[in-house]
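**Student:** Build me a model:
(one chain, ligands or ions: 1)
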Amino acid sequence: MADKILVAYATRYGSTAEVAEAIGDELRKAGDDVDVLPVSDVQNLSPYRAAIIGSPIYMGKWLPEAQVFIEQNQQDLRSIPVAYFTVGLTVADGGPEILRKAEASMDQVRMLVNPIDIGIFPGKLESSRLSFTDRTIIKLIRAKTGDLRNWEAVRAWAETVRSRLVPA
Ligand SMILES: Cc1cc2nc3c(=O)[nH]c(=O)nc-3n(C[C@H](O)[C@H](O)[C@H](O)COP(=O)(O)O)c2cc1C
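**Tutor:** Numbers count the residues shown, from 1 in each chain. Reported below is the predicted structural model:
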């Protein structure tokens, strides 16, 4: 029987995985049976009655593996409630234009499977851990670095989204 909730994520440096774990913990606290998995580890959606799927933003876009996951599983995902979350560094500033751009990172996946809710959260960037290419891009665009994640906001969203994913 489909009785679990899936929290699936893509990540390059791990910060989105930690956001996914925090969402999963919040759902477990509320009594749900939850799997938190990288999208590449999800083989079969039949055990799940709902799914929360997230990706960091890189150059304005979701990571390709998260988009491909939704594309390949769109039929199954359309038959259960789905929510998306996005993690990006720019969103910490929170202006409407920045939020609009962060939201646009989900345009493609929203066309494939319409979510019942979306979450947009500040992420984390440690330049010492970046690949040469990523470090060069970050220097060029003079992005700020640091851990800007707001765990309270993540947990509050998980609580709200749960009430919409899981009928009382
Ligand atoms: C090369 C590069 C490009 C990025 N592009 C964006 C972007 O367009 N918008 C944004 O909000 N954050 C951007 N970020 C910040 C990441 O989304 C943020 O660091 C996120 O927490 C990384 O997630 P991960 O640790 O799960 O890979 C970028 C980071 C790097 C290294």
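**Student:** Every contact and neighbour count from this point should use C-alpha atoms.
**Tutor:** Fine.
**Student:** Tell me how far the residue positioned nearest the centre of the chain lies from residue 128.
**Tutor:** Among the residues of the chain, the one closest to the centroid is residue 54, at 1.7 Å (CA atoms, centre = their mean). The spacing between residue 54 and residue 128, counted by CA to CA, to the nearest Å, is 24 Å.
**Student:** can you check residue 13 too?
**Tutor:** Remark: distance between residue 13 and residue 128 (CA to CA) = 11 Å.
**Student:** higher neighbour count, those two?
**Tutor:** Between residue 13 and residue 128, counted using other CA atoms under 10 Å, residue 13 has the larger neighbour count: 14 against 8.
**Student:** That one falls within a helix, correct?
**Tutor:** No. Assigned with DSSP: H, G, I helix; E, B strand; the rest coil, residue 13 falls outside any helix and is coil.
**Student:** how much space between it and residue 159?
**Tutor:** Taking CA to CA, one finds residue 13 at 26 Å from residue 159.
**Student:** do residue 60 as well
**Tutor:** Counting by CA to CA - residue 60 and residue 159 are separated by 27 Å.
**Student:** now residue 102
**Tutor:** Taken as CA to CA, the span from residue 102 to residue 159 is 22 Å.
**Student:** Of these two, give the one with the bigger neighbour count.
**Tutor:** Taking other CA under 10 Å, residue 102 and residue 159 do not tie; residue 102 has more neighbours (25 against 16).
**Student:** contact partners of stretch 82-97?
**Tutor:** Outside of stretch 82-97, the residues within contact range by CA atoms under 8 Å, 6 or more residues apart in numbering are 16, 50-58, 62, 98-99, 102-103, 105-106, 113-125, 144-145, 148, 161, 165.
**Student:** buried sites along it?
**Tutor:** 82, 83, 84, 85, 86, 87, 88, 89, 90, 91, 92 (16 or more other CA atoms under 10 Å).
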